[in-house]
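Asks: Would you be able to build a 3D model of this:
(chains A and B)
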Amino acid sequence: DTAVSQTPKYLVTQMGNDKSIKCEQNLGHDTMYWYKQDSKKFLKIMFSYNNKELIINETVPNRFSPKSPDKAHLNLHINSLELGDSAVYFCASSHGQDKRDTQYFGPGTRLTVL
Amino acid sequence: RKEVEQDPGPFNVPEGATVAFNCTYSNSASQSFFWYRQDCRKEPKLLMSVYSSGNEDGRFTAQLNRASQYISLLIRDSKLSDSATYLCVVKSRSGGSNYKLTFGKGTLLTVNP
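Replies: Prediction:
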């Protein structure tokens, strides 16, 4: 069974479109995250949710809107896509927010904006 | 100065070699430290946590020096399957009781037959 799953795995779209990426975890974790890994391979946190509440928002453009319908799901909606949004987006989850909690990552969604 | 800096690499070593990766971090209040491994076009996976006393897991040894804000990873007897990018990761507070992970850029290791 996949612990953290994301859909779609690949997403190719035109500039200006709106798209969503979905994430689900079956680990019973309370905390979920979205990360962006750009072409230079830096992996940076975008958002974190704990029990459906936003707890971290790392100066991400407001075109990006995360939504957590329940604590097992954290979706990412992106409006008015730009070329610079092309990257791999990873979802992750952890038991909680303790400093020793391990984060488990999903397989990633490779977004290409043309 | 970047929050987490790693050896730029890449490292190319023969099977059986010992290889060491270094990492420094800028936030002296950082709480926890990890090494993650990322295979090409895959997600990062936790390799090991790093403790002040140093810790070992088979062929892998991690060390932390809080005074120098320095983390290291030593791989002994390298295997072909060790080929991957190794990410130094630091956990620090992000407002209130929340924590966030900050990743280094990663060091690419290729183990050759």
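
Asks: show me what contacts residue 21?
Replies: All of this refers to chain A. A:6-8, A:11, A:75-76, A:78, A:89, A:91, A:109, A:111 (C-beta atoms under 8 Å, 6 or more residues apart in numbering or on different chains). Backbone N, C-alpha and C define where each C-beta goes, glycine included.

Asks: you looked at the wrong chain, it should be chain B
Replies: For B:Phe21, the contacting residues are B:6-7, B:11, B:35, B:72-74, B:86, B:88, B:107, B:109, by C-beta under 8 Å, 6+ apart.

Asks: Please name the nearest non-neighbouring residue to B:Pro10.
Replies: Excluding its sequence neighbours, the residue lying closest to B:Pro10 (C-beta to C-beta, 6 or more residues apart in numbering or on different chains) is B:Leu108, at 4.0 Å.

Asks: Does the helix or strand of chain A with the lowest mean pLDDT reach chain B?
Replies: Ranking every helix and strand in chain A by mean pLDDT, DSSP states H and E puts strand A:53-57 at the bottom, with a mean of 85. Yes. Applying C-beta under 8 Å from any C-beta of the partner chain, one finds strand A:53-57 in contact with chain B at A:55-56.

Asks: For that strand, name the packing helices and strands.
Replies: strand A:43-50, strand A:64-70 (3 or more C-beta pairs under 8 Å, 6 or more residues apart in numbering or on different chains; DSSP states H and E).

Asks: which residues sit against the first one?
Replies: If I follow you right, that is strand A:43-50. Defining contact as C-beta under 8 Å, 6+ apart, one finds that strand A:43-50 is touched by A:30-38, A:54-58, A:60, A:64, A:66, A:68, A:71, A:74, A:76, A:90, A:96-97, B:44, B:87, B:94, B:98, B:100-103.

Asks: Name the residues of chain B found near chain A, please.
Replies: Taking C-beta under 8 Å from any C-beta, the part of chain B that reaches chain A is made up of B:31-32, B:34, B:41-46, B:49, B:85, B:87, B:91, B:94-103, B:105-106.

Asks: Of those, grab the buried ones for ChimeraX.
Replies: Listed next is the ChimeraX selection for buried residues among the residues of chain B next to chain A, using 16 or more other C-beta atoms under 10 Å in any protein chain shown:
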select /B:32,34,43,44,49,85,87,91,94,99,100,101,102,103,105,106
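
Asks: Just the ones in helices from the residues of chain B next to chain A, please.
Replies: For these, not one is inside helices, with DSSP state H as the criterion.

Asks: Let me see the contact set for B:Leu73.
Replies: By C-beta under 8 Å, 6+ apart, the neighbours of B:Leu73 are B:20-21, B:23, B:35, B:47-48, B:60-62, B:86, B:88.

Asks: Then A:Asp85?
Replies: Residues counted as contacts of A:Asp85 (C-beta under 8 Å, 6+ apart) are A:78, A:111, A:113.

Asks: Does the second one touch A:Phe90 like I think?
Replies: No. Judged on C-beta atoms under 8 Å, A:Leu111 makes no contact with A:Phe90 at a distance of 11.3 Å.

Asks: quick one, which of the two is more surrounded?
Replies: A:Phe90 (26 against 21; other C-beta atoms under 10 Å in any protein chain shown).

Asks: could you say which helix or strand contains the more buried one?
Replies: Taking DSSP states H and E as the definition, A:Phe90 sits inside strand A:87-94.
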